[in-house]
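Visitor: Task: produce atomic coordinates for the following.
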Amino acid sequence: MKKHFQKTLVYIMILSLTLGRINAQNTNDTVKVQKPAQDSMITTELKKSTLNYKSLIIPTAFIAYGVAGLSIKNLKQLNVSTKVEINEHQPTQIKLDNYTQYAPAVMVYGLNAMGIRGKHNLRDRTIIYASSQLIAAAFTMPLKYLVKEERPDKSNTLSFPSGHAATAFSSAQFMFREYKDTNFWLSISGYPFAIFTGVYRMLNDKHWLGDVVAGAGFGILSTELAYWLFPKIDNLLRGKNKTKSSLSSTMVMPFYQNKIVGIGLVKTF
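Guide: I've put the predicted structure just below:
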């Protein structure tokens, strides 16, 4: 058990560094030349925001693997053999994965509160993160009911894809995008929590390997889409003729919490 746990930790570290370096390389082409004023830099970047196809390679590959695992014999056997290997070690089932899925996002807000600022201010990053969670839910929830894959513990047929993994990796990707231009090592520090979440969904007998990999793909994709959509959402929220000197402002924020999707309205005078 101890050796198995140590091996898992090593895998987590290796995967974290690999994901971070690949992401950094894939998004390098989109980094803009920084201007002296941070507000000017953000404004310029928002105006030129595009969805870089390179950033879609990893999530697309993860999703494709998960989908293939539903029908391709060898991949289905890998799902089963992974479960058998886990059961042989009889790991202690813990529920930390219910909390670690949100850890990277909490870290972003905590770091900003400590003065270590990310790319966006409180309002903007909240819209981005909330959007990513809504998009992730829009991907995963319907698929669970359409695919109807039975969980390893046979508790229900909502196994594919892993919602916990989607939330965890969307949160980790959110942290990566906020800090990748200023502190690479800090930006990838959310991935160990995401990988830990995915691993423990399997150790807790709630998901197959393919479910977790697909969930990771949907999570990363959701955050990439959220950043791409943000300038458009921001423009809608501010209004075409709205200026920074306005005395009042209205903000509509989507939210997803405890399987409840909704919209919140915040108005300042």
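Visitor: residue ranges of the helices in the stretch 1-150 of the chain, please?
Guide: 2-26, 38-47, 57-68, 73-89, 97-100, 103-113, 122-147 (DSSP state H, counting those that start in this stretch).
Visitor: Using PDB, write down the CA coordinates of the fourth one.
Guide: What it means is helix 73-89. The C-alpha coordinates for helix 73-89 follow below in PDB (Å, rounded to 0.1, in the frame of the first residue of the first chain):
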ATOM      1  CA  LYS A  73     -12.000  -3.700 -26.600                       C
ATOM      2  CA  ASN A  74      -8.400  -3.100 -25.600                       C
ATOM      3  CA  LEU A  75      -9.200   0.200 -23.900                       C
ATOM      4  CA  LYS A  76     -12.200  -1.300 -22.100                       C
ATOM      5  CA  GLN A  77      -9.900  -4.100 -20.900                       C
ATOM      6  CA  LEU A  78      -7.500  -1.500 -19.600                       C
ATOM      7  CA  ASN A  79     -10.300   0.100 -17.700                       C
ATOM      8  CA  VAL A  80     -11.100  -3.200 -16.100                       C
ATOM      9  CA  SER A  81      -7.400  -4.200 -15.400                       C
ATOM     10  CA  THR A  82      -6.800  -0.800 -13.800                       C
ATOM     11  CA  LYS A  83      -9.800  -1.400 -11.400                       C
ATOM     12  CA  VAL A  84      -8.500  -4.900 -10.700                       C
ATOM     13  CA  GLU A  85      -5.000  -3.500  -9.900                       C
ATOM     14  CA  ILE A  86      -6.500  -0.900  -7.600                       C
ATOM     15  CA  ASN A  87      -8.700  -3.500  -5.800                       C
ATOM     16  CA  GLU A  88      -5.600  -5.800  -5.200                       C
ATOM     17  CA  HIS A  89      -4.000  -3.000  -3.100                       C
END
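Visitor: what's it packed up against?
Guide: helix 191-203, helix 209-238 (3 or more Cβ pairs under 8 Å, 6 or more residues apart in numbering; DSSP states H and E). (Each C-beta comes from the backbone N, C-alpha and C, glycine too.)
Visitor: residue ranges with poor pLDDT in the stretch 151-269 of the chain?
Guide: By pLDDT under 70, the weakly predicted segments of the stretch 151-269 of the chain are 240-269.
Visitor: doesn't Tyr179 make contact with Leu186?
Guide: Yes. At 4.9 Å, Leu186 counts as touching Tyr179 under the criterion of Cβ atoms under 8 Å.
Visitor: can you tell which of the helices and strands packed on helix 73-89 is closest to Arg123?
Guide: Among the helices and strands packed on helix 73-89, the nearest to Arg123 by Cβ to Cβ is helix 209-238 (9.1 Å).
Visitor: in the closest one, what counts as buried?
Guide: Buried residues in helix 209-238, counting neighbours by 16 or more other Cβ atoms under 10 Å, are found at 209-227, 229-231, 233-234.
Visitor: Could you do stretch 83-103 as well?
Guide: So, applying 16+ other Cβ under 10 Å, buried residues of stretch 83-103: Lys83, Ile86, Pro91, Asp97, Thr100, Gln101, Ala103.
Visitor: Considering these, which member attains the minimum pLDDT?
Guide: Of all those, Pro91 has the smallest pLDDT value, namely 84.
Visitor: Tell me how far the nearest residue to it once chain neighbours are set aside lies from Thr140.
Guide: Nearest residue to Pro91, sequence neighbours excluded (Cβ to Cβ, 6 or more residues apart in numbering): Leu203, at 4.7 Å. Distance from Leu203 to Thr140, counting by Cβ to Cβ, to the nearest Å: 20 Å.
Visitor: These two: which is more packed in?
Guide: Higher neighbour count among Leu203 and Thr140: Thr140, with 24 against 21, using other Cβ atoms under 10 Å.
Visitor: Contacts only, for the more buried one.
Guide: Pro161, Ser162, Gly163, Ala166, Gly215, Phe218 (Cβ atoms under 8 Å, 6 or more residues apart in numbering).
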